[in-house]
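>>> Show me how the following folds:
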Amino acid sequence: GTVDLGRGLTEEQRRVVTKDMEGLKIKYELPTPDGVRKRQYRVLEVRRKPAKEEMIIVEGQNISVVKYFTKQYGVSLKYPNLPCLWVGSRDRCTFIPIEFCTMMSQPLPRRKKLPDEAIATMIRQTAVKPLDRQKKIMEGLQRNNDKYKNDPYAKEFGISLSGTMTKLTGRILDPPSIEYRDNGKDKNIVNINKTNPGKWFQDKNTYLNGADVSNWAVLDMAQLNDGQYKEVVQGFVTVGKENGIKFGGIDKVMKVKVSMKDMDEALATIEDHLVRIGHHFQAAGSKLDFVLIIFAFKAGSLYDKIKHLGDMKLNISTQCCLKANLYKGGNLSKQVVANVCMKINSKLGGINHVLSKGCRPNILKRPVMIMGADVSHPAPECRSFKPSIAAVVASVEPKAVNYEVQVRIQDMGLESNEEVIKDMKQVTRNLLLKFFEKNNGRKPEKIVMFRDGCSEGQFLTVLAKELMAMREACRELEEGYQPPITYLVVQKRHHTRFFPSDTNKYRNGNALAGTVVDQGINHPTEGDFYLLSHEGIQGTSRPCHYQVLWDDNNMTADELEVLAYYLCHLYSRCSRSVSYPTPTYYAHLVADRARKHHNELAQFDCGSSSGYSAGSGKMTESERRKIKEVVERGVEKPMYFV
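Here you go, the predicted structure:
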């Protein structure tokens, strides 16, 4: 609804306004009897107290802002309940009433983060279709060439540029076939269409291993009416049954209604609601399987809090979704419910789909541990007080779909980002022990690591330190245990794009999933290849660049390419092939979630774009150590991050 300015702002409204206005320039115009005073200021924040309670010191005396304006300028404020803006320098207390300010037209300050909706809109607007992208590149090349042709220095040194793109020969790998549960009567193997790869349809197949959800709760924060509530529950029961999840019927579901109107209250009471749901099932002598939380609108702070409570504190599996997404097009969308079911099944220890036995890469036929690793760094302005977070995941079964997780918090290098995962030895050791435990005492015979988040300048440092640490971990666990290790770096941030010159492309002009280029633009001595493993829906596809830094397993280029491509099909959130191998993708999700846990524990207000947010850097060493310990202890539930 509309904001009643006469009554002032709630804390949540104030937070939203502060987040939007922080760092922006405003025009301040004060109409006084002697004419209008005009100034320009940059906003620091919206104050918490209303103007009538905001006290300032004038000539040694305390006086409220409202009284000061009346006394000094003979102006009485129209909205004394609205807070003031704190403007100018942080060393001075310059508070001005909002009612005299207007927003100036200006570009967004560079260090201010765009809101999520704006980012999504921007990406949609800037995504350029492959043919247009190709045209733009060629035009740029033409312009540069003309400069070179007429440049005396370039002529003297004999430098010239070719006016065409490099022609390469690529191959298209055959997609794998996907296996679902064998229900006896139906074919449970889905073959991916070779002329339109990158996705498949589950059809009437059910998940390979469906979870049992007898006891669940719905936390309704979107004010569903009774009809909608029944429809949502029934939707999950029906779609779940079609997909192989047994949801308990509507009589088994606990319903809790909460309003999101007052965000402060929602944040303050969410823990009580989740605890109450847990107790309700405990009292009935049953175990709560998961809570479905329906949001009225996107609310990052509430989502982060729920995930922190569910993952770290109360050990409850939670699944959030937006009412607007459930009701796409006015009616309950079966497709959205089915997508949410894939996530729920994974979180509850089920398996959605696997590579069929016939096409499983040879390396997966013996005990092997597939690992993924990523390091997530804080934004530059938060460097002084936010750490880097390293996440490593490792597969613990032959199908390479379920992963165990290790998280480490490491302090930033103050000058540059520290890329190396410092505690790699202990991390590998823990993951090997989990593998050992899950496989009745079998050890992995080989280890394959897909490492993300590493730039070319750091390859050797990262390889030397992490590979040695992994080897030491193996030796420590058992004398003489030296499984061969293959270590690849996966990079997506580069400027190489492929434009198919034949008909092997999607309708929008992107190259087909499975396109591999391993000659022509590759390193002369290091084994590296480009693999495009997803169907680009928006913009121009960006192939992944894989660099083989170490390979004890002596795998052929072909084996590595197929392994990487097939791993892209095991991402449990969708029936598509994704652009990164699943372990790398999961490591990325784990690092992101760990960042949320860390922010919640340290009470950083991440919404703030500048580093001035609440609690910035005011932690004692012991608090830091405690938070590090909690985050690194990890989450009990497997696959919580999907």
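
>>> Next, count neighbours for residue 503.
Using other C-beta atoms under 10 Å, residue 503 has 7 other residues around it. Heads up, the C-betas are built off the backbone N, CA and C, glycines and all.

>>> For the chain, give me the ranges with low pLDDT.
Scanning the chain for pLDDT under 70 picks out 1, 185-186, 412-417, 604-618.

>>> And the nearest residue to residue 407 once chain neighbours are set aside, how far from residue 455?
With C-beta to C-beta, 6 or more residues apart in numbering as the criterion, residue 407 has its nearest non-adjacent residue at 4.6 Å, and that residue is residue 594. Separation of residue 594 from residue 455 (C-beta to C-beta, to the nearest Å): 21 Å.

>>> Have a look at these two and say which one is more surrounded.
Taking other C-beta under 10 Å, residue 594 and residue 455 do not tie; residue 594 has more neighbours (24 against 12).

>>> measure that one to residue 393 for me?
12 Å.

>>> likewise residue 387?
As judged by C-beta to C-beta, residue 387 and residue 393 stand 19 Å apart.

>>> Comparing those two, which residue is more hemmed in?
Between residue 387 and residue 393, counted using other C-beta under 10 Å, residue 393 has the larger neighbour count: 30 against 23.

>>> Which helix or which strand is home to that one?
strand 388-395 (DSSP states H and E).

>>> Show me what that strand is packed up against.
strand 368-376, strand 403-410, helix 424-438, helix 582-602 (3 or more C-beta pairs under 8 Å, 6 or more residues apart in numbering; DSSP states H and E).

>>> swap the cut-off to 10 Å and go again
strand 368-376, strand 403-410, helix 424-438, strand 446-451, helix 582-602 (3 or more C-beta pairs under 10 Å, 6 or more residues apart in numbering; DSSP states H and E).

>>> a markdown table please, covering the ones you listed and showing distance to residue 130.
Formatted as a markdown table, the helices and strands packed on strand 388-395 follow (distance: least, C-beta to C-beta, whole Å):
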| stretch | distance to residue 130 |
| --- | --- |
| strand 368-376 | 28 |
| strand 403-410 | 33 |
| helix 424-438 | 39 |
| strand 446-451 | 27 |
| helix 582-602 | 24 |
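
>>> And those: which comes nearest residue 546?
Nearest to residue 546, of all those, is strand 446-451, at 8.1 Å by C-beta to C-beta.

>>> centre of the chain versus that closest one, how much separation?
Relative to its chain's centre, strand 446-451 lies at 22 Å (C-alpha atoms, centre = their mean, to the nearest Å).

>>> ok, now stretch 292-305?
15 Å.

>>> got the CA positions of it in CSV?
Written as CSV, here are the backbone C-alpha positions of stretch 292-305 (Å, rounded to 0.1, in the frame of the first residue of the first chain):
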residue,chain,number,x,y,z
LEU,A,292,7.7,-25.5,2.3
ILE,A,293,7.8,-21.7,2.7
ILE,A,294,5.8,-19.6,0.3
PHE,A,295,6.9,-16.0,-0.1
ALA,A,296,4.7,-13.1,-1.2
PHE,A,297,7.7,-11.4,-2.8
LYS,A,298,11.4,-11.8,-2.9
ALA,A,299,13.0,-11.0,0.4
GLY,A,300,16.8,-11.7,0.5
SER,A,301,17.2,-11.0,4.2
LEU,A,302,14.4,-13.3,5.2
TYR,A,303,15.6,-16.0,2.9
ASP,A,304,19.1,-15.8,4.3
LYS,A,305,17.8,-16.0,7.9
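
>>> Show me which positions of it end up buried.
292-296, 299, 301-302, 304-305 (16 or more other C-beta atoms under 10 Å).

>>> just checking, which of these belong to helices?
Of these, the ones assigned to helices by DSSP state H are 301-302, 304-305.

>>> strands paired with the lengthiest strand in the chain, and their directions?
The residue-count maximum for a strand in the chain (DSSP state E) belongs to strand 35-50. Next to strand 35-50 in the sheet, as set by DSSP bridges, lie strand 25-32 (antiparallel), strand 83-87 (antiparallel).

>>> Can you tell me which of these is nearest to residue 344?
Among these, the nearest to residue 344 by C-beta to C-beta is strand 83-87 (42.5 Å).

>>> just how off-centre is the next helix or strand along the chain from the closest one within its chain?
For strand 83-87, the succeeding helix or strand toward the C-terminus, using DSSP H and E, is strand 94-97. Relative to its parent chain, strand 94-97 has a centroid offset of 38 Å by C-alpha atoms, centre = their mean.

>>> quick one: the strands in the stretch 451-600 of the chain?
Assigned by DSSP state E, counting those that start in this stretch, the strands in the stretch 451-600 of the chain fall at 485-491, 515-517, 527-532, 544-551.

>>> The stretch 151-300 of the chain too?
Chain-ordered strands for the stretch 151-300 of the chain, with DSSP E, counting those that start in this stretch as the definition, fall at 171-172, 177-179, 189-191, 212-213, 216-221, 246-247, 254-257, 290-295.

>>> Just give me the neighbour total for the closest residue to residue 266 other than its chain neighbours.
In space, and not counting its chain neighbours, residue 266 is closest to residue 260: 5.3 Å by C-beta to C-beta, 6+ apart. For residue 260, the neighbour count with other C-beta under 10 Å is 17.

>>> got it, and the one 3 residues further on?
By the other C-beta under 10 Å criterion, the neighbourhood of residue 263 contains 18 residues.

>>> What strand or helix carries the residue lying closest to residue 163 once chain neighbours are set aside?
Nearest non-adjacent residue to residue 163, counting by C-beta to C-beta, 6+ apart: residue 145, 5.5 Å away. Using DSSP H and E, residue 145 sits in helix 130-149.

>>> contacts for that helix?
With contact meaning C-beta atoms under 10 Å, 6 or more residues apart in numbering, helix 130-149 is reached by 127-129, 154-155, 159-165, 495, 497-500, 505-506, 508-511, 536, 539-541.
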